[in-house]
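Asker: attaching a predicted model along with its sequence, questions to come.
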Amino acid sequence: MSDGSVDLKADARARAYSIPLEDYHIADPALFQADAMWPYFERMRKEDPVHYSKGDEEIGPYWSITRYNDIMTVDTTHQIFSSDAHLGGITIRDFDEDFVLPMFIAMDQPKHDIQRKTVSPIVSPPNLAKLEGIIRERVCQILDTLPIEEPFDWVDRVSIELTTQMLATLFNFPWEERRKLTRWSDVATASPESGIVESEDARRAELLECLGYFTNLWNERVNQTEPGSDLISMLAHGEATRDMPPFEYLGNVILLIVGGNDTTRNSITGGLYALSQNPQEEAKLRADPSLIPNMVSEIIRWQTPLAHMRRTALEDFELAGKTIKKGDKVVMWYVSGNRDDTVIENADAFIIDRPQARRHLSFGFGIHRCVGNRLAEMQLKIVWEEVLKRFPRIEVLEEPKRVYSTFVKGYERMMVRIPERV
C-alpha cells in the first residue's frame, strides 16, 4: 500500500464527515485502493441514500444508490433502468462511442435473455457436477505445490492460478497460454491511471489482440460437425449468437473472462484476508468445517468482488424521495448495500455462521443476476475444504495491495506464509 493510500485510510472518517455531501465523489479509485471508502458510504446511507454527485470530467454526474432495498428496486426494475452498452453500459465509466463492446449483461430485453440462455448450460447442475471433480483435482495440485515456511503471493499462486485454469477449461483455451486470460481480464477493467495499461490506446490494442485470438478459436470450432461443450463452441453454434458482429463477440468474451476470473479470484483472496483479520472466526471454522458453505456466502458478501453496477434511466423515476431523470446515470453500490445494517445485522462484521448469509447483493438481482454464481460458490467451497485438510495455519504477512478500481474490488498482491503442513 502506498503512503498516499495509508494517509487516505488513516483520516477517512474525519474527511468523510467534514466534506459537504454535495461535494462527494465516491467514484475515486484511490479511495478503493486504500480501502478508505467505508465511512463515505456509511454517511450516505444515513443522510442521503440516493445521492446526486457532480462527478468529474471523465465520469460526469451520477446517482449513488447506497442502501440495500433501493439497490434491489433499481436492479429489478430493468424496464426503466437500462444496461444497454450503447447508453453507457454497466460501469460508471461509459464506453467510448467508437469502442462500444455490447455483451449480454449490457443488453436489455429480449436480446439479453436469448444470449444468456446460449451460455447458461455451462453452469447447469449436471455440468457443475462434472466440473466438481476437475476443480478439486486442480485445487489439490495447486495447494500441494505451495512452499512451506517461505513467503509467497497468495493472489498469484492460488487465486489467479485456480480461476485461470477454470477459465481455460470452460473456453477449452490453449492450456500453456492460459495466463493471457488473466492479462485480458485485468486490461478489460483497467484505466490508464491503474498502472496496468499505459494509455487508452494501449488498452484497446490489447483487447483487439484478445479479439483476434478468440476469432481464431471461433473459426476452429464453428465448422465442427459435433459442437463442443465449451463456451466458444456454444457461442459459435448458438442461434442467437452465431452471427454476432466482432465487437459483440469481444464484449461477450470479456464478460465471461471477467465474470469467471475477477470475482472468484478476489473472493478466494478476500476470504483468507477476512479470516486473518478475525481469528475467532477461523477458530470457529477449524472446529466445524461444516460451516464452509455458509462461510462462502459470507465471504462473497463481505468482499463484494464487483463494487458497483451502473444503469441508465429510460424515464423519470421516483426513489427515496428523489427524482431520477430520464438519461441519468444510476450507480448501484453493491459494496455499500452489503454493509447496510438496517437490513443485515452487524453488517460490517465478518461472521461465518451468519444466518441468511446468502442474502447479499454481490451477484445482483433480477434478469442480470450472475449466471455463474453456483460455479463461484463451488470453487470457493472446494478451496476451503482442501485448505483445512492441509494447513493448520496460513499467516497473512502484510496488508494486501488492492486494485486501483471502483468496479473490481480486488487484490493485486497478498504475501502469506504457511508455517507447516498437516
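Answerer: Thanks, I have the structure now. Numbering: from 1, shown residues only.
Asker: what residues are up against the nearest residue to R413 once chain neighbours are set aside?
Answerer: Leaving out its chain neighbours, the residue that sits closest to R413 by Cβ to Cβ, 6 or more residues apart in numbering is K401, at 4.4 Å. Just so you know, the C-beta spots here come from the backbone N, C-alpha and C atoms, and that holds for glycine as well. Neighbouring residues of K401 by Cβ atoms under 8 Å, 6 or more residues apart in numbering: M1, Y411, E412, R413, M414.
Asker: low-confidence regions, this structure specifically.
Answerer: Residue ranges of the chain with pLDDT under 70: 1-7, 106.
Asker: neighbours around the residue nearest to R93 when sequence neighbours are not counted, how many?
Answerer: Excluding the flanking residues, the one nearest R93 by Cβ to Cβ, 6+ apart is I59, at 6.2 Å. Neighbour count for I59, taken as other Cβ atoms under 10 Å: 19.
Asker: now K284
Answerer: Other residues near K284 number 16, with proximity taken as other Cβ under 10 Å.
Asker: ok, and for the helix or strand harbouring it, which residues are buried?
Answerer: Under the criterion of DSSP states H and E, K284 resides in helix 279-287. Residues of helix 279-287 classed as buried by neighbour count (16 or more other Cβ atoms under 10 Å): E281, E282, K284, L285.
Asker: ditto for stretch 385-405
Answerer: Result for stretch 385-405 [16+ other Cβ under 10 Å]: buried residues E386, V387, F391, I394, V396, P400, K401, R402, V403, Y404, S405.
Asker: report the distance from that stretch to the chain centre.
Answerer: 18 Å (Cα atoms, centre = their mean, to the nearest Å).
Asker: go on, stretch 238-257?
Answerer: For stretch 238-257, the distance to the chain centre is 20 Å (Cα atoms, centre = their mean).
Asker: end to end, how far does it reach?
Answerer: 19 Å (Cα to Cα, to the nearest Å).
Asker: quick one on the thing from earlier: now what about the helix holding K284, what contacts it?
Answerer: 274-276, 291-292, 295, 350-353, 384, 388, 392.
Asker: let's see that with 7 Å instead.
Answerer: L275, L291, M295, F350, I351, I352, D353, L388 (Cβ atoms under 7 Å, 6 or more residues apart in numbering).
Asker: so which of those wins on neighbours?
Answerer: Neighbour max across these (other Cβ under 10 Å) = M295, 27 neighbours.
Asker: give me the buried positions along the biggest helix by length in the chain.
Answerer: As assigned by DSSP state H, the longest helix anywhere in the chain is helix 246-277. Of the residues in helix 246-277, those buried under the neighbour-count criterion (16+ other Cβ under 10 Å) are 247-276.
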